[in-house]
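**Q** kindly generate the corresponding structure for this input.
(2 chains)
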2 protein chains.
Amino acid sequence: MALTTEQRVRRAAVKLFAGKGFHGTGIRDLAQAAKISTASLYHYMGTKEDLLTAIMHESLQRLLQGARQATGDVTDPHERLATLVALHVLTHGLRPAETRVVDHEIDALTPARRRLIIRLRDEYEELWSAAIADGVASRAFSVEEPAVTRLALLEMCSGVARWYSPRGPLGLDELAAHYAQLALRMLGSAHSDCPGAVHRASEVVTTVWRTPL
Amino acid sequence: MALTTEQRVRRAAVKLFAGKGFHGTGIRDLAQAAKISTASLYHYMGTKEDLLTAIMHESLQRLLQGARQATGDVTDPHERLATLVALHVLTHGLRPAETRVVDHEIDALTPARRRLIIRLRDEYEELWSAAIADGVASRAFSVEEPAVTRLALLEMCSGVARWYSPRGPLGLDELAAHYAQLALRMLGSAHSDCPGAVHRASEVVTTVWRTPL
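**A** Residues are numbered from 1 along each chain as shown, chains lettered A, B, ... in the order given. The predicted structure is shown next:
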């Protein structure tokens, strides 16, 4: 399937922003990588910041939509939390460049854009907070600092985008299962694993990320 | 105490590299921030990559030296691991800019420099691997994937540089203690905390980072 010009520009931008940073990427680099003129680039995508905002917005929307789909009908706190962890790990392992751009470049945005993206990120993290809070309320989890624990969990899982290689000894599904186990341990859960979580997350990731970015 | 020109350039570089990325920082930005000419900048510091290498090298040396000092006479696996975690969290909370530069910009280096820095990082991570392996051997820890668990722990702790604010509700010592507890849980340890770890790490951090960067 041939890519549209917009898709070609997006891909080039994700790769360059992830590799050289937003501030390190010039409009000329982008145009050259996408094989169009800088005038066409502006025409299709607007400014460099428009492009960064669009990439972050789409990536967070997919993550949020995926998390809602994967956990919507899961009531057991262990399964719910393990599914969120698995989804986050799979997404970061499969899409390291996009997710790294979202995780590292929020400060590059001007205030209004920044607020928009942070609101989306907060909406996503709220799913984690609620899963942790429900688990604490039902005594499935035992956590002293739920907010800190949520941040520790998210950073641990986002880190996968910085080190995971599909050429390594561990497949991504195994990695996601292992991370779910680590997360349940961190939450003081007696459950050691949730066999359904990776499968559930894996199906959703396939659907949500099917369309090319 | 007045800063030397070299210290002033280093500080400006750490701030700019952390904020705009290595590729996003120009020699002119550096000279302007350090209030010297670009010619003097070259004279004092060499190229932009020399500066990046020096910052990474020094930061990793301090981390490595600190970890050796803090754990040198600690034989109990729980205490040893908790001390490494506390030291890493304190360092990343106190020096978010330097540590972020080390964690995010290794790919900006040319191969020979990259190998030098990765060797130092490996030496540091080897202290973590050994602490985990010893804990597993003595049955203090129970871990299925020690290498993955080490990476998960390190990413979780490094993440502190990305979100911690001293204006937040939690002091850095409390945060370090909480992270040590999370780490011990991840390792399947029956110990819930190691009261000496934060104190030990805190003393070493004060010594190792006393000289200004």
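**Q** mean confidence for the biggest helix by length in chain A?
**A** As assigned by DSSP state H, the longest helix anywhere in chain A is helix A:111-137. Helix A:111-137 comes out with an average pLDDT of 97.
**Q** give the other helices and strands that that helix contacts.
**A** Judged by 3 or more C-beta pairs under 8 Å, 6 or more residues apart in numbering or on different chains; DSSP states H and E, the packing partners of helix A:111-137 are helix A:48-71, helix A:77-94, helix A:146-158. For glycine as for every other residue, the C-beta is placed from the backbone atoms N, C-alpha and C.
**Q** and the angle from the first one to helix A:77-94?
**A** Using axes from the mean of the first three to the mean of the last three C-alpha atoms, to 10 degrees, the direction of helix A:48-71 lies 140 degrees away from that of helix A:77-94.
**Q** in helix A:48-71, which residues are buried?
**A** Using 16 or more other C-beta atoms under 10 Å in any protein chain shown as the test for burial, helix A:48-71 gives A:48, A:51-56, A:59-60, A:62-64, A:66-67, A:69-71.
**Q** residues from chain A in reach of chain B?
**A** Counting by C-beta under 8 Å from any C-beta of the partner chain, chain A comes close to chain B at A:19-25, A:103-104, A:107, A:144-145, A:148-149, A:151-156, A:158-160, A:162-163, A:170, A:175, A:178-179, A:181-182, A:185-186, A:188.
**Q** repeat that for 7 Å
**A** Within chain A, the positions adjacent to chain B are A:20-21, A:23-24, A:104, A:144-145, A:148-149, A:151-152, A:155-156, A:159, A:162-163, A:170, A:175, A:178-179, A:182, A:185-186, A:188 by C-beta under 7 Å from any C-beta of the partner chain.
**Q** what subset of these is buried?
**A** For those, buried by 16+ other C-beta under 10 Å: A:20-21, A:23-24, A:104, A:145, A:148-149, A:151-152, A:155-156, A:159, A:162, A:170, A:175, A:178-179, A:182, A:185-186, A:188.
**Q** Throw the helices and strands packed on helix A:111-137 into CSV and include mean pLDDT, thanks.
**A** Output for those, formatted as CSV (pLDDT from 0 to 100):
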stretch, mean pLDDT
helix A:48-71, 95
helix A:77-94, 96
helix A:146-158, 97
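**Q** between those helices, which one is closest to A:Leu41.
**A** Between A:Leu41 and the helices and strands packed on helix A:111-137, the shortest separation by C-beta to C-beta is 8.6 Å, and it involves helix A:48-71.
**Q** what lies in contact with that closest one?
**A** By C-beta atoms under 7 Å, 6 or more residues apart in numbering or on different chains, the residues outside helix A:48-71 that reach it are A:10, A:13-14, A:17, A:22, A:27, A:45, A:80, A:83-84, A:87, A:91, A:98-99, A:101-102, A:105, A:108-110, A:113, A:117, A:120-121, A:123-124, A:127, A:200-201, A:204-205, A:208-209, A:213.
**Q** hmm, try it at 6 Å
**A** Helix A:48-71 is contacted by residues A:13-14, A:22, A:45, A:80, A:83-84, A:87, A:91, A:98, A:101-102, A:113, A:117, A:120, A:123-124, A:127, A:200-201, A:204, A:208 when judged by C-beta atoms under 6 Å, 6 or more residues apart in numbering or on different chains.
**Q** so which strand or helix has A:Arg139?
**A** Assigned by DSSP states H and E, A:Arg139 falls within no helix or strand.
**Q** any idea how far it lies from chain B?
**A** 16 Å (C-beta to the nearest C-beta, to the nearest Å).
**Q** same question, A:Gly93
**A** 12 Å.
**Q** can you report how many residues lie near that residue?
**A** A:Gly93 is flanked by 24 other residues according to other C-beta atoms under 10 Å in any protein chain shown.
**Q** quick check: it touching A:Leu172?
**A** Yes. If you go by C-beta atoms under 6 Å, A:Gly93 and A:Leu172 touch, sitting 4.5 Å apart.
**Q** so for chain A, the centremost residue is which one?
**A** Computing the C-alpha centroid of chain A and ranking residues by C-alpha atoms, centre = their mean puts A:Thr99 first, at 4.9 Å.
**Q** so who does that residue touch?
**A** A:92, A:161.
**Q** can you tell me the closest non-neighbouring residue to A:Ala33?
**A** Using C-beta to C-beta, 6 or more residues apart in numbering or on different chains and skipping residues adjacent in sequence, the residue nearest A:Ala33 is A:Ala12, 3.7 Å away.
**Q** what residues are up against the one you found?
**A** A:30, A:33-34.
**Q** A:Ala39 and chain B, how far apart?
**A** A:Ala39 is 24 Å from chain B, by C-beta to the nearest C-beta.
**Q** what of A:Val102?
**A** The value you get for A:Val102 to chain B, if C-beta to the nearest C-beta is used, is 12 Å.
**Q** domain map for chain A?
**A** In terms of domains, chain A is parsed into A:1-46, A:52-208 (source: automatic domain parsing).
**Q** mind checking which of those domains is nearest B:Arg139?
**A** When those are compared by C-beta to C-beta, domain A:52-208 sits nearest B:Arg139, at 16.5 Å.
**Q** quick one: terminal-to-terminal distance for the closest one?
**A** Using C-alpha to C-alpha, to the nearest Å, the end-to-end distance of domain A:52-208 comes to 20 Å.
**Q** how distant is it from the center of its chain?
**A** 7 Å (C-alpha atoms, centre = their mean, to the nearest Å).
**Q** so the residue nearest to the centre of chain A is in which element?
**A** Using DSSP H and E, A:Thr99 sits in helix A:96-104.
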